[in-house]
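[1] No sequence on hand, only this structure:
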DNA sequence: CTGAAAGCGCTTACAG
DNA sequence: CTGAAAGCGCTTACAG
């Protein structure tokens, strides 16, 4: 049944030219209803599907969006990937996935290769700070190639790249203020600061809340650590063993917070009685920890939806704001 | 700098024909060293990259592998996706990601579209039982289109589809036996059975261990539940509230086990003192729970490696075994 | 070993 | 509104 079959076979069967078939295929309004009906019938009869590569070559671009993701093993990126793939499917677009793994060099390689792939668009979702070279590559793709590029989770609007981000500074400021008021004592910050654009934003929220409360930032209470579990565990274990005093922790990710919880428990301390902790991201497991984690929510769905709309409406896009800020809901659970 | 540039520009600059350039590009051994050197120099000078779509059209297939994944939000699939993408990159292949989300209909749609995409290969990784139609679609792609297809995590070797799976039956039998010996009392099974090929295998391991120990399987101790946290939480919450007695739980996934732990803690019970629990999959967070989760390991890396070798060596593949079984290491931590 | 030429399967000006 | 024809950028028999 799956013989090779082309637009010409459809044309023959419908009794029209291949040009007409092509026009029906691409939904051009010029074709008469009669022709359209004949072509559609022929397509259905033959079970024809246009060769996407040939279409891509002729049209000069594929139906593929590249999603460049910081670390797919982190829950937030996994959810985001899932929702974006689902959304793209509605537009008939496919998703090419690249896991960056925090390497600017890998990113550069991928972007270089992207040129010859004639992508439909690029979406980059990472919390890492990008190198100037990579930012340059991205924005040149917009200008020179008219290629839709979107940044998620990091603000590149200053470079002309449309960005969809959470207002993490505000979110963290809010929860640190909450920790200060509720628990009184010193609040530590646990999370990546250098090298992470999102991390830096979150840390600024922490600094802001301290300043607003008239408190000084203590260096021994700022633990710059990678975003995953082991880093959270290790940082807190060390702080505890060094006898550093703190009443609460604001973590830069849920994974960090969860790793921290393990370290706190390992010392026989109670949460939130001895130490309170707040995460950010609302990873699925965070609700099922003991204690359940107080955190800031995320909505991969609404990001995907925003992306979809903007991808679908290239006209409106020209006058769309370069920066879209989403606010995170504060999710209070048992850990703080 | 990024003007459109083709093989002809390279040919002109190198002083050879476009055919020679093409031959150098595809690494054909016929070209003389001199020609090759000239072409390579011209390519480097111009920063030329061949148009992948044109190559795809001419060669009849792209450099893209489609990865169809059950649920990217589950840790095992996220790790697998990451490792596979990394491995493919070494072969110059790109990864097209589709999240199946346990829908056979979605799978059918994706497979239907795949024909017109002229993929380089298909990898399906899901624990779901596939519909006969979808299995038929997959195996026809191997036969009719010579398309490499691999199944990961579910055995489709009976249908001529090369499969790479863990020996989950053996793994679960081992840990259930361990639970029986260590804690004496009744062991419950928590996990998807119907609709999940992998789940069914795991459950058979449970049954086997009970039988080997001369115990009867009690229906009230078998909780058929979806693979994620909420299902684990809810199943155990209910069993506990109904007063069902059990000393240990074997879960069909780490997420289920972690959800179960939350439910056990919610009742004020202790792990493993009151109830012991074993998961399967070794999701990253499982080591950072309180208590840390005893589970069966997985190695996305070794699966990706196996896949890579088999994708890279199409000749050897013809005589390769259709079924590759990997064993899971038992990881004993605090929960049992 | 190399080049001229045909062609992969579509789309799109160009005429009509 | 429709068709004949050129062409997207490569690869690959076919001659030489």
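    Ah, there it is. What you are looking at is a predicted structure, and each value in this text was computed from that prediction instead of being measured.

[2] Contact residues of chain A facing DNA strand D?
    A:16-20, A:23, A:29-32, A:34-35, A:54, A:57-58, A:60 (C-beta under 7 Å from any atom of the strand). C-betas here are computed from N, CA, C, even on glycine.

[3] What about DNA strand C: which of these touch it?
    Okay, of these touching DNA strand C (C-beta under 7 Å from any atom of the strand), that's A:18-19, A:23, A:54, A:57-58.

[4] Out of the residues you listed, grab the one that's most surrounded.
    Among these, the one with the most neighbours (other C-beta atoms under 10 Å in any protein chain shown) is residue A:57, at 20 neighbours.

[5] What sits closest to it if chain neighbours are left out?
    residue B:53 (4.6 Å; C-beta to C-beta, 6 or more residues apart in numbering or on different chains).

[6] Wait, the one you found touches residue A:52, no?
    No - using C-beta atoms under 8 Å, residue B:53 makes no contact with residue A:52, being 9.4 Å away.

[7] returning to what we had before: and the helix or strand hosting the residue nearest to residue A:57, what does it pack onto?
    Using DSSP states H and E, the element containing residue B:53 is helix B:52-59. Helices and strands touching helix B:52-59, by 3 or more C-beta pairs under 8 Å, 6 or more residues apart in numbering or on different chains; DSSP states H and E, are helix A:52-59.

[8] any idea which helix or strand comes after the helix it packs on?
    strand A:64-69.

[9] Near residue A:332, how many other residues are there?
    13.

[10] those strands in the stretch 151-300 of chain A, which residues are they?
    Along the stretch 151-300 of chain A, counting by DSSP state E, counting those that start in this stretch, strands occupy A:163-166, A:187-190, A:222-223, A:248-251, A:276-278, A:295-296.

[11] what's the pLDDT at whatever residue of the stretch 201-336 of chain A ends up closest to DNA strand D?
    The minimum distance from the stretch 201-336 of chain A to DNA strand D, using C-beta to the nearest atom of the strand, falls at residue A:314 (21.6 Å). Residue A:314 is assigned 75 on the pLDDT scale.

[12] Return the distance of it relative to residue B:335.
    Separation of residue A:314 from residue B:335 (C-beta to C-beta, to the nearest Å) stands at 52 Å.

[13] With neighbour numbers in mind, choose between those two.
    Between residue A:314 and residue B:335, counted using other C-beta under 10 Å, residue B:335 has the larger neighbour count: 27 against 10.

[14] ok, now which ones touch the more buried one?
    By C-beta atoms under 8 Å, 6 or more residues apart in numbering or on different chains, residue B:335 lies in contact with B:257, B:261, B:271-272, B:276-279, B:289, B:291-294.

[15] repeat that with 6 Å
    Under the criterion of C-beta atoms under 6 Å, 6 or more residues apart in numbering or on different chains, the contact list for residue B:335 reads B:271-272, B:277, B:291, B:293-294.

[16] Reformat those residues into JSON lines and put neighbour count next to each item.
    Formatted as JSON lines, the contacts of residue B:335 follow (neighbours: other C-beta atoms under 10 Å in any protein chain shown):
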{"residue": "B:271", "neighbour count": "23"}
{"residue": "B:272", "neighbour count": "19"}
{"residue": "B:277", "neighbour count": "28"}
{"residue": "B:291", "neighbour count": "20"}
{"residue": "B:293", "neighbour count": "29"}
{"residue": "B:294", "neighbour count": "24"}
